[in-house]
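[1] Starting from these lines, generate the structure:
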Amino acid sequence: MGRGDRAVARERPEGVARGPGKVAKAPEVVDPWLALLAGAGVLLSGYLVLTKALHAPVYCPAGSGCDIVQSSRFGAVFGVPVSIFGLLFYGALLLLALRRMDAGARWALVFPVASVGVAASAVFIGVQQLAIRATCSLCLISAFLSLAILLLALFRRPRPAATGTWLWSGAAALAVVVFLAAGYAASAPQPAATTYADGLAKHLAASGVRLYGAYWCPHCKDQKDLFGRAAKSLPYIECDARDPAGQPQVCASAGIRAYPTWDINGKRYEGVLSLQELARLTGYPQPGGTQ
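    All right, here's what the predicted structure looks like:
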């Protein structure tokens, strides 16, 4: 090789083939930074899934912000715990990080997925602050992880980036917001009251029965839904201080540890009770007309 050829070789950009007119294929590698962030998300979401599975009684324990958020009706969408969606989200990103592919192809897949995660996190954090009025620190960490992944993808975007990827990412983010809104709306309906439920609710109030609960507890909602519109006549005591009608001091003095808790004739019953069971415990006629 002559002196001129050596100079050309030194100036040749890395990745350009030795042969004339041929460009080497972009290297296929794993993404360690994405793997690190997604792996942390998998561990976090897996922990939340595990705690949700191991603490699924028919009542809501009075606990931390994460307990409150996970136990609320907003802790699931169409019956699927939110933490499972998080596990799937981070799991998909981890697979993309560990799969050997060129940077451009990875970006086209990671950016839409990350956009969906950030949109979902925004909805979850908004619901926590506006509806549940409680904050889950682990959920905040998950939100920061998803945002970090999105920012990492933005920083690594090819120039120019494909217009289709931007449009697809925006559409996917909007779709997940609509999906979550529909899921939460589906859990809100309340059946109409029956004459029997209305009479039983008034009987419970007149008998000195007390029902302790919390606004965020889905099992309390299930209990009230059995009465439909007659639930407004129940002798209900709100135990969470964050609710304007909350009476936490009453619940604390009564030693309430779970919601809903019924106090009937000096005995405590934790969990949802059917109308028939409530009628039996309080001497109210059964729907068929017997006591």
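
[2] any chance you could map the helices in the stretch 151-291 of the chain?
    For the stretch 151-291 of the chain, the helices defined by DSSP state H, counting those that start in this stretch occupy 163-186, 195-206, 218-227, 248-254, 275-282.

[3] deepest of those, which one?
    With neighbours taken as mean count of other C-beta atoms under 10 Å, the helices of the stretch 151-291 of the chain reach their highest mean count in helix 218-227, at a mean of 20. C-beta here means a position set from N, CA and C on the backbone, and glycine is covered the same way.

[4] Going by contacts, tell me the helices and strands next to it.
    If contacts are counted by 3 or more C-beta pairs under 8 Å, 6 or more residues apart in numbering; DSSP states H and E, helix 218-227 sits against strand 60-61, helix 195-206, strand 210-213.

[5] Tabulate those (CSV), appending mean pLDDT and distance to Tyr184.
    Formatted as CSV, those follow (pLDDT from 0 to 100; distance: least, C-beta to C-beta, whole Å):
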stretch, mean pLDDT, distance to Tyr184
strand 60-61, 66, 18
helix 195-206, 94, 25
strand 210-213, 96, 20
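
[6] so who does Gly170 touch?
    Gly170 makes contacts with Ser115, as judged by C-beta atoms under 8 Å, 6 or more residues apart in numbering.

[7] If we use 10 Å, what do you get?
    If you count contacts by C-beta atoms under 10 Å, 6 or more residues apart in numbering, Gly170 has them with 112, 115, 119.

[8] give the contact list for the residue nearest the centre of the chain.
    Closest to where the C-alpha atoms of the chain average out (C-alpha atoms, centre = their mean) is Val82, at 3.1 Å. By C-beta under 10 Å, 6+ apart, Val82 lies in contact with 45, 48-49, 52, 69-70, 74-76, 120, 123-124, 127, 139, 142, 180, 183.

[9] again, but for Phe124
    Contacts of Phe124 (C-beta under 10 Å, 6+ apart): 69, 74-75, 77, 82, 85-86, 132, 136, 139-140, 142-143, 180.

[10] need those in JSON lines with pLDDT, can you?
    Shown next, in JSON lines, are those (pLDDT from 0 to 100):
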{"residue": "Val69", "pLDDT": "84"}
{"residue": "Phe74", "pLDDT": "88"}
{"residue": "Gly75", "pLDDT": "87"}
{"residue": "Val77", "pLDDT": "92"}
{"residue": "Val82", "pLDDT": "93"}
{"residue": "Phe85", "pLDDT": "96"}
{"residue": "Gly86", "pLDDT": "95"}
{"residue": "Ile132", "pLDDT": "82"}
{"residue": "Cys136", "pLDDT": "87"}
{"residue": "Cys139", "pLDDT": "91"}
{"residue": "Leu140", "pLDDT": "93"}
{"residue": "Ser142", "pLDDT": "95"}
{"residue": "Ala143", "pLDDT": "96"}
{"residue": "Leu180", "pLDDT": "95"}
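
[11] Mind picking the two most distant members of those?
    Greatest spatial distance among the contacts of Phe124 (C-beta to C-beta): Val77 and Leu140, at 19.0 Å.

[12] More neighbours: these two, which one.
    When neighbours are counted by other C-beta atoms under 10 Å, Val77 and Leu140 differ, and Val77 comes out ahead with 21 against 16.

[13] For the nearest residue to that one once chain neighbours are set aside, give its distance to Gly213.
    Excluding the flanking residues, the one nearest Val77 by C-beta to C-beta, 6 or more residues apart in numbering is Gly183, at 3.5 Å. Separation of Gly183 from Gly213 (C-beta to C-beta, to the nearest Å): 23 Å.

[14] Ser142 too?
    28 Å.

[15] For the stretch 101-250 of the chain, which residues score under the pLDDT cut-off?
    Low-confidence segments of the stretch 101-250 of the chain (pLDDT under 70): 188-193.

[16] Show me where the stretch 1-150 of the chain has its strands.
    In the stretch 1-150 of the chain, the segments counted as strands under DSSP state E, counting those that start in this stretch are 60-61, 76-77, 80-81.
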